[in-house]
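Chemist: Pasting the sequence and the predicted coordinates here, then a few questions.
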Amino acid sequence: MRVVSTWDYKRNLAGISELTDNDVLHIYDVFDQQYLNWILIKGNPKYIVNDHITWFDNIKLYSLPLFIERQTKFITNGIQFTNEIKTSNCFNFIINKKEINRFLCIKFVELFKLHDFDYTWSAVDRTFDMSIIIDELNTLTKLLLTPEEKSFILAPIQLEKRFIEFPEQKINNVSIGNYGGNAWTWKNGLQDIFFNSAISLITETVNYQRAAVFTEKTLYSVLGLTFPIWIGGYNQASEWQRLGFDTFDDVIDHSYQSYDTLIERCYYAFTRNLPLLSDKNTATELRLLHKDRLYKNRQLLLQNHLEKFVDQEISKFPKDLQLVMPEILKYFR
């Protein structure tokens, strides 16, 4: 079988005229249904493998957390981690690239007047096209936002820019490029943001698709010993549990994760956890109470748990797919 990877042929599969049932399509990075429909105009491969998404509604996908596995080794190389628990803030979030769930994350922080947090934000654009969000709100049978709240989230972000400066940064219309890389930013500021927070608002790259994605953003939360709340992803907590990690369901209400619309998943992530996001004393006490569980999650990462998980998943794949997986694994190991 032939492996066709967007790593080699770019997102548009330049140079590949046709996909057939003798092909394995490896899609690097996150994608949505619109992209998949576009690329499959070239034909239907026998298998589709992805390295960021671990679950995608209604798509037959062989999903592996290969990117976060690779990032774990890259970011943690040579680092000695402390077990000290010091909580200065209720929560944190880190946002560079312009994405709808990230825009909503900041807007809900502002809407609920939350103030005890630390963050990074590139501020490349304070607005977002909210037409699909308006459509989602109009489809709901239950009123989610008052007219005043709806007007508020449609307005530009007011939060000030705060970003870790790298000497050769380049700003474009959606993000700050060449920001130093994930290992550099962890060592030069992010580790303090996470170590000093009880909770992380994790804004993995999702649009409106019902999918679960894991990257360095989730990794940072585990390394920094914080409770995770995923803003926007679908079944994120359930998937992280399936991968073998504690999601602290007795601390965080993850019921937000299974709502059909993006706006609901973002809204309920906040409203069902507002007491923790606004009460630093309680958040601090809970972090200390569950410190051993937080340590255990981090130890799993540091002891190559994700690599073992990936190998176990591959062993369940169809035999012909297993035979060509080394051609995909070479990009990550």
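Modeler: Done, it's in.
Chemist: all strands of this structure, in order?
Modeler: 2-5, 23-27, 47-50, 53-56, 62-63, 89-95, 117-121, 170-171, 176-177, 197-202, 211-213, 227-230 (DSSP state E).
Chemist: Dump these to TSV, plus mean pLDDT, distance to Ala155 and mean neighbour count.
Modeler: For glycine as for every other residue, the C-beta is placed from the backbone atoms N, C-alpha and C. Shown next, in TSV, are the strands of the chain (pLDDT from 0 to 100; distance: least, Cβ to Cβ, whole Å; neighbours: other Cβ atoms under 10 Å):
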stretch	mean pLDDT	distance to Ala155	mean neighbour count
strand 2-5	97	42	19
strand 23-27	98	35	23
strand 47-50	98	35	22
strand 53-56	96	32	22
strand 62-63	96	37	19
strand 89-95	98	18	24
strand 117-121	98	16	19
strand 170-171	91	23	12
strand 176-177	92	23	16
strand 197-202	98	20	28
strand 211-213	97	28	28
strand 227-230	98	24	27
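Chemist: Looks like His254 contacts Gln241 (just checking).
Modeler: No: applying Cβ atoms under 8 Å as the test, His254 and Gln241 come out as separate, 9.2 Å apart.
Chemist: ok so, going back, so which of the strands of the chain comes closest to Trp38?
Modeler: With Cβ to Cβ as the measure, strand 23-27 is the member of the strands of the chain nearest Trp38 (11.7 Å).
Chemist: Direction included, what does the closest one pair up with?
Modeler: Its sheet considered, strand 23-27 pairs with strand 2-5 (parallel), strand 47-50 (parallel) by DSSP bridges.
Chemist: Quick check: which of the ones you listed is nearest to Glu69?
Modeler: Per Cβ to Cβ, nearest to Glu69 of these: strand 47-50, 13.3 Å.
Chemist: and the closest one, C-alpha only, in PDB?
Modeler: Taking C-alpha atoms only, strand 47-50 is exported to PDB below (Å, rounded to 0.1, in the frame of the first residue of the first chain):
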ATOM      1  CA  TYR A  47      -7.600   4.300   5.400                       C
ATOM      2  CA  ILE A  48      -7.200   7.800   6.800                       C
ATOM      3  CA  VAL A  49      -4.800   8.400   9.700                       C
ATOM      4  CA  ASN A  50      -4.400  11.500  11.800                       C
END
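Chemist: Distance from that strand to the middle of the chain?
Modeler: 19 Å (Cα atoms, centre = their mean, to the nearest Å).
Chemist: which residues sit against that strand?
Modeler: Contact with strand 47-50 is made by 24-28, 31, 36, 56, 59-64, 318, 321, 325, 328, as judged by Cβ atoms under 8 Å, 6 or more residues apart in numbering.
Chemist: re the thing from before, determine the residues that are contacts of both of His254 and Gln241.
Modeler: Common neighbours of His254 and Gln241 (Cβ under 8 Å, 6+ apart) are Thr247.
Chemist: Compare the two (neighbour count), which wins?
Modeler: More crowded of His254 and Gln241, by other Cβ atoms under 10 Å: His254, with 23 against 14.
Chemist: How about that one: what's its closest non-neighbour residue?
Modeler: Leaving aside its sequence neighbours, His254 sits nearest to Ala237 (Cβ to Cβ, 6 or more residues apart in numbering; 3.8 Å).
Chemist: ok, how many other residues are close to the one you found?
Modeler: Ala237: 23 neighbours (other Cβ under 10 Å).
Chemist: Skipping adjacent residues, who's closest to the most centrally placed residue in the chain in space?
Modeler: The centroid of the chain falls nearest to Glu204 when counting by Cα atoms, centre = their mean (2.1 Å). Closest residue to Glu204 apart from its sequence neighbours, by Cβ to Cβ, 6+ apart: Val213 at 4.3 Å.
Chemist: Surely the one you found is in contact with Val30?
Modeler: Yes: counting by Cβ under 8 Å, a contact exists between Val213 and Val30, whose distance comes to 5.5 Å.
Chemist: Give the residues shared as contacts by those two.
Modeler: Common neighbours of Val213 and Val30 (Cβ under 8 Å, 6+ apart) are His52, Ile53, Thr205, Val206.
Chemist: Could you measure from the last one over to Glu313?
Modeler: In this structure, Val206 and Glu313 are 21 Å apart, going by Cβ to Cβ, to the nearest Å.
Chemist: ok, those two, which is more surrounded?
Modeler: Neighbours were counted for Val206 and for Glu313 using other Cβ under 10 Å; Val206 has more, 25 against 16.
Chemist: quick revisit: the residue nearest to Glu204 bridge partners, please.
Modeler: In beta-bridge terms (that is, DSSP bridges), Val213 pairs with Ile53.
Chemist: List the contacts of it.
Modeler: Each residue near Val213 by Cβ under 8 Å, 6+ apart is listed here: Val30, His52, Ile53, Thr54, Glu204, Thr205, Val206, Gly233, Gln236.
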